[in-house]
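kindly return the folded structure for what I paste below:
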Amino acid sequence: MLRSMAGHDAKDSTSIDCPVPDYEAVLGQSVKGLKIGVPKEYRLDGMPDEIEKLWADGVAWMKDAGCEIVDISLPLTKYALPVYYIVAPAEASSNLARYDGVKFGHRAKDYDDILSMYETTRAEGFGDEVKRRVLIGTYVLSAGYYDAYYLRAQKVRKKIFDEFTEAYKKVDLILTPSTPSAAFGLGEKTGDPVQMYLNDIFTVTANLAGLPGASVPAGLDAQGLPLGLQLLARPFDEETLFKGMHALEQAAGFSARPDEWWG
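Numbering: from 1, shown residues only. A predicted model of the protein is given here:
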């Protein structure tokens, strides 16, 4: 799928013109000699012991496969989540502004004038979470707040990228847990969106820094819910990422399947 999606698109100014490797060919190749970074800042207060143990297992599996484990420091990690939840909603607000019922997407059937058409269309067309992000994004992009929030967040984003660039001078891949807890129940945290967003703390750094990352289920918690391990690679180094993920997946031997609750 990635080989089909990757590559240059002449109509997309954000796509980069570089050759697309045969990603499948690297699966099963030896990872011996790869340096795996383990960032100390990803050890969070209150993180369940199950996640800590799984992470330690992941380190041991990569070591057994012939990798060298390197302790690294990514001190700006703690800013990744607040930066992400400024930058991502700002982009959502800007990009979704076009969905006003005039040219793109849904248009409300009942309205009195053009203003009520905009309002009703957007109220009907977006769910609660999208509306929340549009509101946050519009706020941080508004006059008087742009410099204080969005501009500052972009500067911190660049510093986070620089920090990863430095780390990749010492290591080939970075191993972290995928989330600080197992999946929470449907609707359990919608009343407290900040708690919900905190579950993204280990994964949003890849989005901010423009890094390829992947997660595989590698164990179960006490309730039988899957827990994941994540690897992050250098920009455009998906080959090393897939090689490492394959080794991690084979070592984890995850085979759990959900019960047939509908039976």
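
and stretch 255-263, how far from the chain's centre?
Centre-to-centre, stretch 255-263 and its host chain are 27 Å apart (Cα atoms, centre = their mean, to the nearest Å).

now it - C-alpha only, PDB.
Output of stretch 255-263 as PDB, limited to C-alpha atoms (Å, rounded to 0.1, in the frame of the first residue of the first chain):
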ATOM      1  CA  SER A 255      -1.600 -13.700  18.400                       C
ATOM      2  CA  ALA A 256      -4.500 -12.500  20.600                       C
ATOM      3  CA  ARG A 257      -7.900 -12.100  18.900                       C
ATOM      4  CA  PRO A 258     -11.000 -10.500  20.300                       C
ATOM      5  CA  ASP A 259     -13.900 -12.700  21.500                       C
ATOM      6  CA  GLU A 260     -16.900 -12.900  19.200                       C
ATOM      7  CA  TRP A 261     -19.100 -10.500  21.300                       C
ATOM      8  CA  TRP A 262     -21.800 -10.600  18.600                       C
ATOM      9  CA  GLY A 263     -22.200 -14.400  18.800                       C
END
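
for the protein, what's the longest helix?
For the chain, the helix with the greatest residue count under DSSP state H is helix 77-96.

which elements pack onto that helix?
helix 128-141, helix 152-167, helix 193-198, helix 204-209 (3 or more Cβ pairs under 8 Å, 6 or more residues apart in numbering; DSSP states H and E). Quick note: C-beta positions are derived from backbone N, CA and C, even for glycine.

buried ones in the least confident helix or strand in the chain by mean pLDDT?
Every helix and strand of the chain was ranked by mean pLDDT, DSSP states H and E. The lowest is helix 193-198, at a mean of 84. By 16 or more other Cβ atoms under 10 Å, helix 193-198 has no buried positions at all.

residues contacting the nearest residue to residue 189 once chain neighbours are set aside?
Distances taken as Cβ to Cβ, 6 or more residues apart in numbering place residue 196 nearest to residue 189, at 4.1 Å, with adjacent residues excluded. Going by Cβ atoms under 8 Å, 6 or more residues apart in numbering, residue 196 touches 184, 189-190.

do the same with residue 137
88-94.

coming back round to it: closest to residue 229 among the contacts of residue 196?
Nearest to residue 229 among the contacts of residue 196, counting by Cβ to Cβ, is residue 184 at 19.0 Å.

buried residues in the longest helix of the chain?
Neighbour counts over helix 77-96 (16+ other Cβ under 10 Å) mark 77, 79-81, 83-90, 92-93, 96 as buried.
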